[in-house]
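Engineer: Based on what follows, work out the 3D shape:
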Amino acid sequence: MRKYKTFRNHLKEELNNPEFKKAYDREDFIVKVAVQIAQERQKHHITQKELAKKLHTSQQSISRIEQGDQNITIGLIERIAEVFGRKPVLKFN
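Structural biologist: Prediction:
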């Protein structure tokens, strides 16, 4: 009988590969930024369209940002934070 791995165990093994870990960490960072932006927008009860209007961009751009499908600049992160009355924080680990 074949023993099946759980996703968690498979991921743990894959993270031992330096190339995989580097790619995983990069995607993890992108997803965390995307989720923070989406959560902040929802906390302020504004739609993607309303946020886009404040940033002079399209709703589709906001959607791609929140899905982690669009690279964004530090400048755009600053503008997004400003809409919410916040300041972005950069932290190195």
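
Engineer: So in this structure, which helix runs the longest?
Structural biologist: Counting residues, the longest helix found in the chain (DSSP state H) is helix 18-43.

Engineer: ok, and for that helix, which residues are buried?
Structural biologist: I30, V33, A34, I37, A38, E40, R41 (16 or more other CB atoms under 10 Å). In short, each C-beta sits where N, CA and C put it, glycine included.

Engineer: State the pLDDT value of the fifth one.
Structural biologist: In other words, A38. You'll see A38 listed with a pLDDT of 97.

Engineer: Can you name the residues that contact the residue lying closest to it once chain neighbours are set aside?
Structural biologist: Leaving aside its sequence neighbours, A38 sits nearest to E66 (CB to CB, 6 or more residues apart in numbering; 4.2 Å). E66 sits next to A34, V35, I37, A38, R41, Q48 when contact means CB atoms under 8 Å, 6 or more residues apart in numbering.
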